[in-house]
Every structure is written in C-alpha cells, then in structure tokens.
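1. heads up, no residue letters with this:
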C-alpha cells in the first residue's frame, strides 16, 4: 500500500503543506473550520506522520515510553490504560516496555531510551536504585513511579503507602477488629512498597494501643494468588488467631478469600478482608472486595503532566508528587 504523504493530505484538504503541518503539530493559530477540514483529510486518507521526519523538523517524535514490571498484573494493566488515555489526549502515543523486574531490562530502558524513538519515559523501577538513576545523563525526560528509587534530581509520582496502610487498619479497627493479620511479606521482595505498607500497619496499631504481633505478619513464598492462599492456610493450620487480614494487593486478597472459604471461615462476619489497588478483581470477587484505592487517574495525569513539562523544556530538581488514595468499601469488611 502506498504511503500517504503530507502533500496528499494538503491536496485533499485544498490547503498548503504548511497548514497541514500546523494542524499536525497543534499550532494554535489555525482557524477551527480549516483545522476541521485538514483533520477530516488526515482521517480519510489514514495519514500517519513520519517519526524520523518529525524528529528532524521539531526535535520530537510525539511518542513516550512506559516501562512497568508486569503488563498482565491487574494494577499495572489498569494504570497503563489510564496513562495511554491521558497521553492520547495530550497528543502522544505510548510504547510499552515490560521489564519483569529484571535489572538488565530496567537498565536497557534507561540507557537506550528507545534509541531516540521517544520524547520521554515514565518508569516504574524495581531493581535500579536511587543513585544509579541519579547518575544518568538527563538527555531524555524521565518520570518515576513506585517506591524503589527516589532521586532528588528526578520527577516522581506515588501515593503515600504508609498513610494508606494506616487508613486501612483504621477501617478495620473501627469495625471492631483487633487481631489484624498482614498478608504478607514475600521472600526476596525488593519492590519497596511492602515495607512501607507494613510500616503504616504497625504505626496505626501502636497508635491504637495494640502491640503488633509478629505471628500476624504472614510470610508468603511468591506474588501469586496461589502463594497467598497457601500462606493463609498455613497460618490457620498453625492456629494463628486473627479476625481481619490486610493484604498487600488485590491478588493476595483473592487468595485470602479462597483460603478462608476452604477453612469454613465466614467473610466478613468472622474475618474481614481488605485488599489493595482497587483493581477489577475487587468488584468481581465473591464477596466483593473492599480495597485501598490509589487514584490511578491522578497518577496518570500527574506523571504525564510532569513529563510533558520536561519535554517542553522545564529544568530543575526533581518534583515529588503524592496523589490521593481512598478506600472502596464493598462486602468483605463490616458495614
């Protein structure tokens, strides 16, 4: 199929190539009727700008990269969609990179920076540390997500995991629960988020006059639903006494619900269950899962806003932004 050229769009719309270029690059001083005519020609012909030509002309490609640990993890999947939608609204396309929390894959994302294909990168690191990222040459704009690395020179967006965990514990305490288990601590976990959530859990218990019980901090062998199911059943078999479970994510909460059903424990009458991330799993579990809800829209909007400002020339030290969280109350906690 013959490639549609800029001149083809200009001829179809009956305008100059300069006018087409102004519309493509969202030049503000184009009459609305003229802009609509050019856009109609672009849509009709299926014109796609040549990235190499655009970069030579403007220094930009109109594309950004989003690098996340797991594409199929419910939280990252939903956040990625929000970022892609927000990017489209700002006139950018998104290249997705899955690192699988592998150090070499993470370094490739930042050192290669998509070999000049993108104008900026939104990156959720797991293995790379603060100083390694801080030493990178600032040749491509970068915004970080997550809790693993927080260099002062780089923009960063996250929720307050400590405060969110404390709010979750407070919800359970208000419901009269006093033996609140934390599910859980994962062997070889390097994400950073679990530790912060555990800190908030302990802090709120102590503030309520409850001494944290090490037996209620449940070890888990991995990050899957099955791993969490097995971990909670082991705790039940050991005779660990608990009346609520705060889970590090919704996957663990689903595993907890399966374990409690196997053990014949009623939810929430006997055991309340609180998930984290408020993914689609929460709404469709049975019973429907109460879950700590990061504001994914605010995460996407804030990260894209910072990145676009960097792309457009903003300089200076890193800007660290905390976005809101809430709790979506459903059926697994007492009303």
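-> Yep, it's here. Just so we're clear, the structure is a prediction, and the values are computed from it rather than from any experiment.
2. So what touches stretch 33-53?
-> 4-6, 8-9, 12-15, 19-20, 23-24, 30, 61-63, 117 (Cβ atoms under 8 Å, 6 or more residues apart in numbering). Just so you know, the C-beta spots here come from the backbone N, C-alpha and C atoms, and that holds for glycine as well.
3. Pretty sure residue 65 sits in a strand.
-> Yes. Counting by DSSP: H, G, I helix; E, B strand; the rest coil, residue 65 is part of a strand.
4. for the most centrally placed residue in the chain, what are its contacts?
-> Per Cα atoms, centre = their mean, the C-alpha nearest to the average position across the chain is that of residue 79, at 4.4 Å. Residue 79 is in contact with 68, 145, 296, 299-300, counting by Cβ under 8 Å, 6+ apart.
5. And residue 306, by the same measure?
-> Counting by Cβ under 8 Å, 6+ apart, residue 306 has contacts 143, 155, 157, 319, 321.
6. Mark which of the contacts of residue 79 are part of helices, please.
-> Cross-referencing the contacts of residue 79 against helices under DSSP state H gives 296, 299-300.
7. From the residues you listed, pick the one nearest residue 96.
-> Comparing the ones in helices among the contacts of residue 79 against residue 96 with Cβ to Cβ places residue 300 closest, at 13.8 Å.
8. How about that closest one: what's its closest non-neighbour residue?
-> Nearest residue to residue 300 in three dimensions, chain neighbours excluded: residue 82, at 3.8 Å (Cβ to Cβ, 6 or more residues apart in numbering).
9. Surely the one you found forms part of a helix?
-> Yes. Residue state for residue 82 (three-state DSSP) corresponds to a helix.
10. tell me, how many neighbours does it end up with?
-> For residue 82, the neighbour count with other Cβ atoms under 10 Å is 18.
11. Test my guess that it contacts residue 296.
-> Yes. Contact criterion Cβ atoms under 8 Å: residue 82 and residue 296 qualify, at 4.9 Å.
12. In the helix or strand hosting the residue nearest to the centre of the chain, which residues are buried?
-> Assessed by DSSP states H and E, residue 79 sits inside helix 74-89. For helix 74-89, the neighbour count (16 or more other Cβ atoms under 10 Å) marks 74-76, 78-80, 82-84, 86-87 as buried.
13. In contact with the closest residue to residue 292 other than its chain neighbours, which residues are there?
-> Distance criterion Cβ to Cβ, 6+ apart; nearest residue to residue 292, sequence neighbours excluded, is residue 276 at 4.6 Å. The contact partners of residue 276, by Cβ under 8 Å, 6+ apart, come to 164, 168, 197, 246-250, 252-253, 291-292.
14. Just the pLDDT for residue 276.
-> Looking at residue 276, its pLDDT is 98.
15. Torsion angles phi and psi at it?
-> Phi and psi for residue 276, reported as degrees, to the nearest 10, are phi -150, psi 130.
16. Flag the shaky bits of the stretch 1-150 of the chain, pLDDT-wise.
-> Counting by pLDDT under 70, the ranges of the stretch 1-150 of the chain that qualify are 1-2, 25, 49-59, 112-116.
17. can you do 80?
-> 1-3, 6, 21, 24-29, 48-61, 111-116, 137-139 (pLDDT under 80).
18. No further queries at this time; thank you.
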